[in-house]
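>>> Give me a 3D structure for the following:
(3 chains)
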Amino acid sequence: MHSSSIALWYASRATGVVCLVLTTTVVLLGLLVSRQRRLPGLPRFGVVHLHRYLSLLAVGFVSVHILTAVVDSYVSISVAAAIIPFVSSYKPLWLGLGAVSLDLMAALIVTSLVRARIGRKTWRVVHWVAYAAWPVAVVHSIGTGPDLRHGPLLWLSVSSVLAVIAAIAWRVAGSLGSGARLVPELLATHERIEAARR
Amino acid sequence: MSAKPAIRLLVNPIACCGHGVCAELLPELIALDEWGYPLVSDKPVPANLAKQARRTVTDCPALALLLTER
Amino acid sequence: MSTTVDLPRRKLRLLPPPGQPAIDVAEHLARHGPLPYRGGHGLLIDDVQASGLTGRGGAAFPVHRKLTAVHRGHVAAGRPIVVANGAEGEPASAKDKSLLLLAPHLVLDGIQLAAEAVGADDAVLYVGIDKLNLSWLAGLITQRRAAGIDRVPVRLVAAPPRFIAGQESALASRISGKRALPAFTPPRVYQRGVDGRPTLVQNVETLAHLSLIGRYGPSWFRAVGTPDEPGTAICTLRQADGRVDLTEVPLGIPLTSLLDLSQCTAGGSGGSSPLGCTAVLVGGYHGAWLPAGTAAELTLSNADLRSHGASVGACVLAALPADRCGLRETARVARYLALESAGQCGPCRNGLPRIAAGFAELAMVPQGRPDPELIADVRRWAALVERRGACAHPDGTVRFVASALRTFGAEVGSHLRGHCTKPNQRPFLPVSAEPITEKDWW
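Below is the predicted model of the structure:
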């Protein structure tokens, strides 16, 4: 076994962890955008741009993660196995989930790069895929290797999952009571305000 | 010499939910009203702002900002 | 054109003589003759153009232009559809419901002729569920189809009991099976409407006129009315004594022949006789208040009304009794209009409730003195909502409220000083009393 091959294998695992951190952050930022919140010290467009640029950075790290896994000879993983789900000979299920997550991520990234051209409704529907892409990536990370199941990295994975669940719950809570339901409440509020002005 | 048709900014008020990103990115043409919704100039977009206008359209989280050749 | 039927010389054209509803189809055909199909697409449009028929739903848009636009959609391989709009979401209006009750076959004829003109293979009659017995209408349609009178099938679709249910994109959305909520345009419904098809939307009264133009020709239609606004229109008249009249009149007649504007006091200087009236609401709840004295000199025509900030609209006229406060009435209607917002657009959703609440404070005076800043606030909110919604609901509401501030200027002064000169607080203008819930949008 060449030491360079083991180095590549470790690089793949390391970049995998970075991907997890990056994609978790991207998901949290996306939920922040949808609830129109700002990050302290940044303008509103800051959250939007951070969400976009970190997702592109994640693409970079995912590419290295996959490339190093394919190129190293420690474990045999073909390019096809990285893209087509469940065709790998090495850990077909867990790696397959990685391929699923990659494919979903590709849909997210490509549609977002041309979002102004494909129309609002199409972009939105595809972007919902994010709610599938991230959990699948997490399951892939936990299942493929022991790294995330022990020590500090276990805390990392647990806190990532908890953070995303909490953020999704917060997002759902924010979307209750929109549109026409608001109008009667707003009217009642303003009738009280105006009465107080007398 | 052919004149390019004037391009204008337009908001889809149903899609808009008042993120306010547009007003930060294109303050020359977009301001926010007291409720956080965009007040978009109906004058044609000047050539020097065209690129920034296109970026602003792409960056609207709700894809509610449009460029039109009306 | 068939001339085997005498051109009707009686004054009424759409509405049958009182007490003689024209419901029986055989009688209807005997009176007016058979449906004058032209035998091809687009052939009726020239006659419609010559007649100068404009829409009777409120916007007064030239009908031939709509027919042409939808017909083009057919030629470009779309599948057009005709929708007869009988939603009549305006609470103060009763003409569409009455026309369908008294002369439904004129409307159904109009649907067939319009369908032939634009090349449509199917049609929809869109009617408020709270207005008419839909199964009765369905029976008439079945009867006509079975007798071979109707070539194109007509489907009945119920409109929800909302003010904007008749708005053209809300209507198209409802008929497509979704909720009756307005859509962002472009594309307009004549390009992509019901199920994405080119859609002709015409008020039921407009189609009734169309069916008679098809039979008697454009010159007959132009025999009454004005050169720019020919023909008759059905008006809903709310008199100062509380009577509601429905009448069909030629456009261009003086408003004094419609409403009793006698004993009116100019500017509301304290008159309390319930027999007189101080102001007239022209054009319904998206229309405008005019002082009675001004209205007494105007005719029922856009030529006259537009220069006073009003329009014929759907021909709803209401005479405010002299003992009622115009601001109080306006506040009640403004509140209703705010609650009738679809709530889809930020400016409308935020502006209309504030305008309504502010106006209510101004109007409900015996409870204290309103803040004088209120007027400036209402004007500012009004300016913020105009042209910033997907439909014309905020714009119409603003027109209505602004006209009240203009017409009832003297009352505004009294109210700011803490008193109202009008003794009668009983509501006059009708608003829907039903509770508004999300499910009503179906």
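>>> tally of neighbours for the closest residue in space to residue C:145 that isn't next to it in sequence?
Counting by C-beta to C-beta, 6 or more residues apart in numbering or on different chains, residue C:145 lies nearest to residue C:153, which is 6.5 Å off, once chain neighbours are set aside. For the C-beta atoms, the positions are set from N, CA and C on the backbone; glycine is no exception. Per other C-beta atoms under 10 Å in any protein chain shown, the neighbour tally for residue C:153 reads 13.
>>> pLDDT wise, what is the closest residue to residue C:102 other than its chain neighbours at?
Leaving aside its chain neighbours, residue C:102 sits nearest to residue C:21 (4.6 Å; criterion: C-beta to C-beta, 6+ apart). We have a pLDDT of 78 for residue C:21.
>>> The residue nearest to residue C:145 is in contact with residue C:124, isn't it?
No: using C-beta atoms under 8 Å, residue C:153 makes no contact with residue C:124, being 9.7 Å away.
>>> Which of the helices or strands spans the residue nearest the centre of chain B?
Centroid check for chain B by C-alpha atoms, centre = their mean gives residue B:9 as the closest residue, at 4.2 Å. According to DSSP states H and E, residue B:9 maps onto strand B:8-11.
>>> do residue A:152 as well
Short version, using DSSP H and E: residue A:152 is in helix A:151-174.
>>> quick one: buried residues of stretch A:102-111?
Residues of stretch A:102-111 classed as buried by neighbour count (16 or more other C-beta atoms under 10 Å in any protein chain shown): A:102, A:103, A:104, A:105, A:108, A:111.
>>> So the last one versus residue C:59, what's the distance?
This means residue A:111. 39 Å (C-beta to C-beta, to the nearest Å).
>>> For the residue nearest to residue C:102, grab the count of nearby residues.
Residues near residue C:21, counting by other C-beta under 10 Å: 15.
>>> Mind checking what secondary structure it has?
When classified by DSSP: H, G, I helix; E, B strand; the rest coil, residue C:21 comes out as coil.
>>> residues touching whichever residue of the stretch 101-250 of chain C sits closest to chain A, list them.
Going by C-beta to the nearest C-beta, chain A is nearest to residue C:181 of the stretch 101-250 of chain C, at 8.4 Å. Residues near residue C:181 by C-beta atoms under 8 Å, 6 or more residues apart in numbering or on different chains: C:170, C:173, C:342, C:344, C:441.
>>> now, which of the residues you listed lie close to chain B?
Contacts with chain B within the contacts of residue C:181, counted by C-beta under 8 Å from any C-beta of the partner chain: residue C:344.
>>> neighbour-wise, which of the contacts of residue C:181 leads?
residue C:170 (28 neighbours).
>>> What strand or helix carries that residue?
Using DSSP H and E, residue C:170 maps to helix C:168-175.
>>> Can you show me the helices along the stretch 201-350 of chain C?
Listed in chain order, the helices of the stretch 201-350 of chain C (DSSP state H, counting those that start in this stretch) span C:204-216, C:218-222, C:292-295, C:302-305, C:326-339, C:346-363.
>>> for chain A, same thing?
Assigned by DSSP state H, chain A shows helices spanning A:3-34, A:44-71, A:79-83, A:92-113, A:115-118, A:120-127, A:130-144, A:151-174, A:182-197.
>>> Export the ones you listed as JSON lines, with columns for distance to residue C:363.
Output for the helices of chain A, formatted as JSON lines (distance: least, C-beta to C-beta, whole Å):
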{"stretch": "helix A:3-34", "distance to residue C:363": "40"}
{"stretch": "helix A:44-71", "distance to residue C:363": "39"}
{"stretch": "helix A:79-83", "distance to residue C:363": "68"}
{"stretch": "helix A:92-113", "distance to residue C:363": "51"}
{"stretch": "helix A:115-118", "distance to residue C:363": "47"}
{"stretch": "helix A:120-127", "distance to residue C:363": "41"}
{"stretch": "helix A:130-144", "distance to residue C:363": "49"}
{"stretch": "helix A:151-174", "distance to residue C:363": "36"}
{"stretch": "helix A:182-197", "distance to residue C:363": "11"}
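>>> Dump those helices to JSON lines, plus distance to residue C:72 and mean pLDDT.
What follows is the helices of chain A, written out as JSON lines (distance: least, C-beta to C-beta, whole Å; pLDDT from 0 to 100):
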{"stretch": "helix A:3-34", "distance to residue C:72": "41", "mean pLDDT": "93"}
{"stretch": "helix A:44-71", "distance to residue C:72": "41", "mean pLDDT": "95"}
{"stretch": "helix A:79-83", "distance to residue C:72": "48", "mean pLDDT": "89"}
{"stretch": "helix A:92-113", "distance to residue C:72": "34", "mean pLDDT": "95"}
{"stretch": "helix A:115-118", "distance to residue C:72": "27", "mean pLDDT": "94"}
{"stretch": "helix A:120-127", "distance to residue C:72": "26", "mean pLDDT": "95"}
{"stretch": "helix A:130-144", "distance to residue C:72": "42", "mean pLDDT": "95"}
{"stretch": "helix A:151-174", "distance to residue C:72": "45", "mean pLDDT": "95"}
{"stretch": "helix A:182-197", "distance to residue C:72": "38", "mean pLDDT": "79"}
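>>> So for chain C, which of the ones you listed sits nearest?
Among the helices of chain A, helix A:182-197 sits nearest to chain C (C-beta to the nearest C-beta), with 3.5 Å.
>>> Please report how far residue C:399 lies from residue C:313.
10 Å.
>>> Identify the contacts common to these two.
C:286, C:287.
>>> Would you map the strands across the stretch 51-200 of chain C?
C:81-86, C:123-128, C:154-159, C:199-203 (DSSP state E, counting those that start in this stretch).
>>> Would you mind putting the ones you listed into JSON lines with mean neighbour count alongside?
Converted to JSON lines, the strands of the stretch 51-200 of chain C look like this (neighbours: other C-beta atoms under 10 Å in any protein chain shown):
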{"stretch": "strand C:81-86", "mean neighbour count": "28"}
{"stretch": "strand C:123-128", "mean neighbour count": "24"}
{"stretch": "strand C:154-159", "mean neighbour count": "19"}
{"stretch": "strand C:199-203", "mean neighbour count": "28"}
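>>> and the residue lying closest to residue C:158 once chain neighbours are set aside, how many residues sit next to it?
Excluding the flanking residues, the one nearest residue C:158 by C-beta to C-beta, 6+ apart is residue C:129, at 4.0 Å. The number of residues packed near residue C:129 is 15, by other C-beta under 10 Å.
>>> Low-confidence bits of chain B, can you list those?
Along chain B, the model assigns pLDDT under 70 to residues B:1-4, B:70.
>>> Thank you, goodbye.
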